[in-house]
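**Q** Structure for this input, please:
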Amino acid sequence: MLKKTDQEKNPKLLGTFLLTLILLVSACANDTVVKDRPPMPFEVKKILIFPFEDMAGVYGQKVDARCPVCGKVFMTGQVTESATRILTDQVFILLKKQRDIELIPASQARGVMSGLRAGSKNTLSEQDLWIETGRDLGADAVIVGHLYRFRERIGTQYSVEVPASVAFDIHLIGVRDGRLLWSGKFDETQQSLFEDLYQLGTFLSRRGRWITAQELAVSGLEVWMLYLQSI
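**A** Numbering: from 1, shown residues only. Have a look, this model is predicted:
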C-alpha cells in the first residue's frame, strides 16, 4: 500500500510522465502534411482557385500516380462522389478566413479556359492553361490540387470496420513566370492508437474518435492554410 505522501505525489508524477510521453511521441511522429515554400518573389493579393482533379479517375485505383506539378507519388484509391467539390469548397472557405485577399472561384475560369483551348488548338499544357487563365482574370497566383484517395470510414466514430483514408496535394503557382510558390501534400489513413503510438498527439486532438474522410481532409487543409498565412 502506498503511503499518503506517495499518493499525493503520484498524480503529479503521472501527469509529468504523460506530458513527457506526449512531447516525445509528437516529436517522433511522422507528419502527414509536408510543406515546401520557396522565397516569395512578389505579394499575392488575388488568387484563382481551380477545382481539385480526381487522379483515381484518371489512373484507376490502387496504382502509383505522380503529381504533374511537384512529381511526388501517391497510391490512388476510392474517391467518393463529390469529394473534389468538398475539397475545393473547403480551400475557398479556409483561405477566405485566413487571408485578406481576393479569391476567384473556378466557375469564373471555365469560359476563359475554353477560349484558350480553342485558340491554341490544344497545344497548351495543363500548367500553361492554368497560368494563362490566371493572367486573363488578373490573378497573381493560382491554386491547383489533385485528389488521390477520399475513402469514407465504414462504421461509427467509436468503432469502424474500415477507417477513413485521404491523399491529396495542393500548389500555389505564380502567374507572372509560372514559378511554383508553395507546395503541400497530405496522405493519411487513420489508425488506432494501438497500431501507431507515434500518433498519440493526433489521437488526443481527435478525442479518440474515428473521424470522417471530410474531417480528415479538412485537418490537412487547415495546417496548409495556417502555413500559407505566413507568406
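
**Q** So the residue lying closest to residue 134 once chain neighbours are set aside versus residue 139, what's the distance?
**A** Among residues not flanking residue 134 along the chain, residue 175 sits closest, at 3.9 Å (C-beta to C-beta, 6 or more residues apart in numbering). No exception for glycine: its C-beta is placed from N, CA and C like everyone else's. Remark: distance between residue 175 and residue 139 (C-beta to C-beta, to the nearest Å) = 6 Å.

**Q** low-scoring pLDDT stretches of the protein, where are they?
**A** Residues of the chain that meet the criterion pLDDT under 70 lie in 1-42, 98-99, 120-122, 159-160, 191-208, 226-231.

**Q** domains in it, as residue ranges please.
**A** 1-30, 32-228 (automatic domain parsing).

**Q** who are the neighbours in contact with residue 83?
**A** Counting by C-beta atoms under 8 Å, 6 or more residues apart in numbering, residue 83 touches 52, 54, 147, 150, 213.

**Q** Give me the helices and strands touching the helix or strand hosting residue 134, please.
**A** Taking DSSP states H and E as the criterion, residue 134 maps to helix 126-136. Using 3 or more C-beta pairs under 8 Å, 6 or more residues apart in numbering; DSSP states H and E, the elements in contact with helix 126-136 are helix 110-120, strand 141-151, strand 165-174.

**Q** Save the ones you listed as CSV, and put in mean neighbour count and distance to residue 69 too.
**A** Below are the helices and strands packed on helix 126-136 laid out as CSV (neighbours: other C-beta atoms under 10 Å; distance: least, C-beta to C-beta, whole Å):
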stretch, mean neighbour count, distance to residue 69
helix 110-120, 13, 17
strand 141-151, 25, 7
strand 165-174, 24, 5
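
**Q** Could you dump these into a markdown table and include distance to residue 132?
**A** Shown next, in a markdown table, are these (distance: least, C-beta to C-beta, whole Å):
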| stretch | distance to residue 132 |
| --- | --- |
| helix 110-120 | 5 |
| strand 141-151 | 10 |
| strand 165-174 | 12 |
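
**Q** Just tell me which of the ones you listed ends up closest to residue 63.
**A** Closest to residue 63 of the helices and strands packed on helix 126-136, according to C-beta to C-beta: strand 141-151, at 9.7 Å.

**Q** what's the nearest residue to residue 67 if we skip its chain neighbours?
**A** Excluding the flanking residues, the one nearest residue 67 by C-beta to C-beta, 6+ apart is residue 169, at 5.0 Å.

**Q** close enough to count as contact, the one you found and residue 149?
**A** No. Using C-beta atoms under 8 Å, residue 169 is not in contact with residue 149; the gap is 11.7 Å.
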